[in-house]
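S.K.: build the 3D model from these lines:
(one chain, ligands or ions: 1)
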Amino acid sequence: MYNAVPMQSTCATIAALLGIEAPADAYAPCKQVVNYVEKRLGKPERVIMYNPDAIAHHLWQKYPDLYTPVLELSPLPVPICTVMPSVTPVCFASMYTGVSPEVHGIRKYEKPVLTCDTLFDCLIRAGKKCAIVSTAGDSISMIFLEREMDYFIYPTLEEVNEKAHELIAEDKYDLLVIYNANFDSIMHRYGPESPEALVALDHNCREYAALAELAEKTGRKTALAFAPDHGCHEIDGGCGSHGLDMEEDLNILHFWKCIG
Ligand SMILES: [Zn+2]
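M.R.: I've put the predicted structure just below:
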């Protein structure tokens, strides 16, 4: 069974929260998220997207205790079905353009700069500020380049998260996108449920909680999301993979939190 909410809805959800137009062809927003946030915050002053790579829905089903830092903060889990092929550049392109791979054009593991309209272009046209904080060479660091926005690209996860903390405290951006690749790289090598991968999952859940705590200190009305790109499954040899049309790869959970 595939999750009900299409990944492509995420783009218009964020646009609706920030009160701007989504790309013309974007899927409709997830009304559940928009209503949830608006009921608590009205219009949030900013959106922070925490994008940990490859955190599958089935990990939550099997290891709910690891999600405690996320669940204590974010009572709204949204069952998302990502796009095919379920690989990083294809999925993040759909998350931030609101359209399917055949429309945005990234249909395999490649990282061209997108020329179609993205959420970032919509924000810039609306006079809003956005930034991506990510590690060098990763999809999200490459496919949204060449826009009038800020890119903070670092060699290591630690530098990415340190900068993210600084930027949340400075509060200069209407949309801040923070990418963490650690679970994905470890999962590929050791398997999705290896002790090493579960440590990475725990790290991602705690990092989300740390971002929330920092955002709360600023007192700004913020919508914060824990939003992976795709799931993963175990393959022969105890390794991990993704990219296929299967529940393990397509079903993910996004969690939303209101601050302020
Ligand atoms: Zn990925």
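
S.K.: which strands and helices sit next to the longest strand along the chain?
M.R.: In the chain, assigned by DSSP state E, the strand with the most residues is strand 251-259. Under the contact definition 3 or more C-beta pairs under 8 Å, 6 or more residues apart in numbering; DSSP states H and E, strand 251-259 sits against helix 31-41, helix 57-62, helix 68-73, strand 76-81, helix 195-218, strand 222-226. Heads up, the C-betas are built off the backbone N, CA and C, glycines and all.

S.K.: need the winner for burial among the ones you listed.
M.R.: strand 222-226 (a mean of 26; mean count of other C-beta atoms under 10 Å).

S.K.: please tell me how far the nearest residue to V70 once chain neighbours are set aside sits from L59.
M.R.: Once flanking residues are discounted, V70 sits nearest to C205: 4.9 Å by C-beta to C-beta, 6 or more residues apart in numbering. Between C205 and L59 the computed distance is 10 Å (C-beta to C-beta, to the nearest Å).

S.K.: who touches both of these two?
M.R.: Overlap between the contact sets of C205 and L59, as judged by C-beta atoms under 8 Å, 6 or more residues apart in numbering, is given by L66.

S.K.: and the strand or helix carrying F120, what's buried?
M.R.: Counting by DSSP states H and E, the element that carries F120 is helix 119-125. Buried residues in helix 119-125, defined by neighbour count with 16 or more other C-beta atoms under 10 Å: 119-124.

S.K.: now those as JSON lines including pLDDT?
M.R.: Shown next, in JSON lines, are the buried residues of helix 119-125 (pLDDT from 0 to 100):
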{"residue": "L119", "pLDDT": "98"}
{"residue": "F120", "pLDDT": "98"}
{"residue": "D121", "pLDDT": "98"}
{"residue": "C122", "pLDDT": "98"}
{"residue": "L123", "pLDDT": "98"}
{"residue": "I124", "pLDDT": "98"}
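
S.K.: so which elements touch the helix or strand of the chain with the lowest mean pLDDT?
M.R.: Every helix and strand in the chain was compared by mean pLDDT, DSSP states H and E; the lowest is helix 68-73, with a mean of 90. Counting contacts by 3+ C-beta pairs under 8 Å, 6+ apart, helix 68-73 packs against helix 195-218, strand 251-259.

S.K.: hmm, back to that, and the gap between the residue nearest to V70 and L211?
M.R.: 11 Å.

S.K.: what of P112?
M.R.: From P112 to L211 the distance is 29 Å (C-beta to C-beta).

S.K.: contacting residues around the closest residue to the ion within the stretch 101-250 of the chain?
M.R.: Residue nearest to the ion within the stretch 101-250 of the chain: D229 (4.4 Å; C-beta to the ion). Counting by C-beta under 8 Å, 6+ apart, D229 touches 51, 53-54, 82, 88, 91-92, 95, 252.

S.K.: and the residues you listed, which two are the farthest apart?
M.R.: For the contacts of D229, the farthest-apart pair by C-beta to C-beta is A54 and M95; their separation is 13.6 Å.

S.K.: pick out whichever of these two has more residues nearby.
M.R.: A54 (32 against 27; other C-beta atoms under 10 Å).

S.K.: follow-up on the earlier one: quick one: list the elements packing against the helix holding F120.
M.R.: helix 9-18, helix 88-97, strand 130-135, strand 175-180.

S.K.: now with 6 Å?
M.R.: Secondary-structure packing of helix 119-125 (3 or more C-beta pairs under 6 Å, 6 or more residues apart in numbering; DSSP states H and E): helix 9-18.

S.K.: by how many degrees do the helix it packs on and strand 76-81 diverge?
M.R.: Relative orientation of helix 9-18 and strand 76-81, computed by axes from the mean of the first three to the mean of the last three C-alpha atoms, to 10 degrees: 140 degrees.

S.K.: for the residue in the chain that the ion sits nearest to, grab the count of nearby residues.
M.R.: Nearest residue of the chain to the ion: T88, at 3.2 Å (C-beta to the ion). Neighbour count for T88, taken as other C-beta under 10 Å: 24.
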